[in-house]
Structure formats: C-alpha cells, structure tokens
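**Student:** give me coordinates for this.
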Amino acid sequence: MQAMIGKMARMYPLLIAMGFMMVMIAVIVGYFNSQTAAAYFAQPKVLRETTLMAQRASIESTGLWLPYFKFLGIGLILGGIVMALRVIIDSLKAVGAEVLSNLPAEKRAPMPAPPWFALLMPMVMMVGEMIFIVALIVSLGLAGIANQVFAHPVPEIDAAGAGSALLSQVQSIQTVSAWLVPLKFLGIATQFLAIVMGLATIIFILGVQTELLDKGIRIGRGEQGLVGRTDERAAAQHAGMAPV
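**Tutor:** Below you'll find the predicted structure:
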C-alpha cells in the first residue's frame, strides 16, 4: 500500500498543474459573470426584476458553484504539495538506508519505523480532497435550484407564500449555503493538517538519521583506530621490537 502511494506521489506536478488550471478557469468564469452583472445592474430596478430573469439566474447560480470549483483547484494544489513532501520523505529514507548499508551488518542499526502520522498523511490529504468534491457537487445542485428560482420575477419570489414550492427552494438555498461555506474551509484546514504531518515526518526522519549517522561515524572511527593499532603491532613484531 505504502509503495503504491509512493509511486503515485511522484505525480505531484500533475496535481499542482490541474489545480492551477482550475483556479485560472474560475478567474475567467468570474470575469464573464462580472460582465453579466455589470450589464444587469446597469438597468432600472423595475426592468431587472421583471424581464431580465435569465441574467439574474446566471449571476446567482454562478455565484453559488464557482467558489467551490475554485477551492477544489486550491485543494489540488495543496494535495500536490503533500505528495511532494511524500517524495522528499521517501528520498530521505532511501539516502539514510544507503549510508547505513556501508556499516557492517552486525553493527548496523535498523531503520526506525515511521511515526503514526506519516502513515495517515496521504489519507488525511484524500479526506480533504473528498470534502472539496462533495462541496462542489452540492453547490452545483444549489446552482440548479437557483436557476429555477430566479427564472421567476423578483416580485413573484418575494410574494411566495408559506408552504409553496418556490419558497421551499429559496429556503433550501439559504439553509445549505449556511453549512456549505464552513465546509470548504474544513477542507482547507484538512489539507494544511496533511502538510503539517508531512513536515513533522521530515523533522522526525532528519533527527533519527542524524543520530544513526553519528553512531555510524563513531563505529567507523573506532574500527579505523583498531586497524591502526593492529598495523603498528605487526610492524613492531616484524622489526623484532614487539612489546612483551
């Protein structure tokens, strides 16, 4: 499982590129929506509320789904950063194992097991991505409801009575939007949590490998000293001056 995640992590440039493209698309869509809004609000209030329903529906529906599309792009960028950290972690582990392999097998310290949060890091990242995807799907549903609501003139919407289908749709938009907004920030917080887990893992690996390398250096120096003393004794014996 971890080996498969390690291979997938090398695709982090693709995640970052996809996220950046989604944010750029959001900027373009937002620009065209702003032009629609400029043309809509340039008209008198009576005309806006009675005849320009299509423009109002476009403005309202786009405003509902576009932020979540943009946040999904940002989530992909953050997910790419998490995967890049995973690549760094795997590289650090490989370098440490290669250095320790130069020591004798009987004196080679085993590589410690990764901390628990290192194993959870990819899962936390995926949870964040799923939050963004769910938020986007729900927002697209709200955008569809908004298209239906604002196809009616504004006075008709305002005059909707209790229990009417139109008022129920307005209620759905307001109610779902109230919890959907903090949900997207939960996704951002989850992605940042995964990044913190990756950085903490790097700190853990660097600390452990520093200790192991220090022990390896001491072992290497001790063996060199032993070899040097053995060579001196052999030379003294050859010259007939070996100590008693």
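
**Student:** for the residue nearest to the spatial centre of the chain, identify the helix or strand it belongs to.
**Tutor:** Centroid check for the chain by C-alpha atoms, centre = their mean gives G79 as the closest residue, at 2.6 Å. Assigned by DSSP states H and E, G79 falls within helix 53-100.

**Student:** can you list contacts of stretch 196-203?
**Tutor:** Here stretch 196-203 makes contact (C-beta atoms under 8 Å, 6 or more residues apart in numbering) with 82, 85-86, 88-89, 92, 114-115, 117-118, 120-121, 124. C-betas here are computed from N, CA, C, even on glycine.

**Student:** flag the least confident of those.
**Tutor:** Ranked by pLDDT, the contacts of stretch 196-203 bottom out at P114 (77).

**Student:** ok, now which ones touch that residue?
**Tutor:** Contacts of P114 by C-beta under 8 Å, 6+ apart are 201, 204-205.

**Student:** wait, which of those residues is closest to A38?
**Tutor:** When the contacts of P114 are ranked by distance to A38 (C-beta to C-beta), T201 comes first, at 49.1 Å.

**Student:** chain center to the helix or strand harbouring that closest one, what's the gap?
**Tutor:** Assigning secondary structure by DSSP H and E places T201 in helix 165-238. Offset of helix 165-238 from its chain centre (C-alpha atoms, centre = their mean, to the nearest Å): 16 Å.

**Student:** okay, now the unreliable bits of the chain?
**Tutor:** Within the chain, the ranges that satisfy pLDDT under 70 run 1-3, 6, 102-110, 216-217, 219-244.

**Student:** how far does stretch 65-81 sit from its chain's centre?
**Tutor:** Stretch 65-81 has its C-alpha centroid displaced from the chain centroid by 9 Å (C-alpha atoms, centre = their mean).

**Student:** which parts of stretch 171-189 are buried?
**Tutor:** 173, 176, 180, 183-184, 187-188 (16 or more other C-beta atoms under 10 Å).

**Student:** take these and lay them out in CSV including distance to T36.
**Tutor:** Shown next, in CSV, are those (distance: C-beta to C-beta, whole Å):
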residue, distance to T36
I173, 19
V176, 23
L180, 23
L183, 27
K184, 24
G187, 28
I188, 28
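
**Student:** nearest to V27 among these?
**Tutor:** Nearest to V27 among the buried residues of stretch 171-189, with distances taken as C-beta to C-beta, is K184, at 17.4 Å.

**Student:** hmm, the closest one is touching V134, no?
**Tutor:** No. With contacts counted by C-beta atoms under 8 Å, K184 stays clear of V134, the gap being 9.9 Å.

**Student:** residues in contact with M53?
**Tutor:** 150-153.

**Student:** what about it, distance to F41?
**Tutor:** 14 Å (C-beta to C-beta, to the nearest Å).

**Student:** swap in I173?
**Tutor:** In terms of C-beta to C-beta, I173 sits 20 Å off from F41.

**Student:** ok, A94 next?
**Tutor:** To F41, A94 is 59 Å away according to C-beta to C-beta.

**Student:** the two: which is more packed in?
**Tutor:** F41 (13 against 10; other C-beta atoms under 10 Å).

**Student:** ok, and the closest non-adjacent residue to the more buried one?
**Tutor:** Spatial nearest neighbour of F41, chain neighbours left out: R48 (7.2 Å); criterion: C-beta to C-beta, 6 or more residues apart in numbering.

**Student:** which residues touch that neighbour?
**Tutor:** 40-41, 56, 154.

**Student:** same check, this time on Q209
**Tutor:** Q209 touches 92, 96, counting by C-beta under 8 Å, 6+ apart.

**Student:** the one 4 residues further on too?
**Tutor:** L213 makes contact with 96, 99-100 under the criterion C-beta under 8 Å, 6+ apart.
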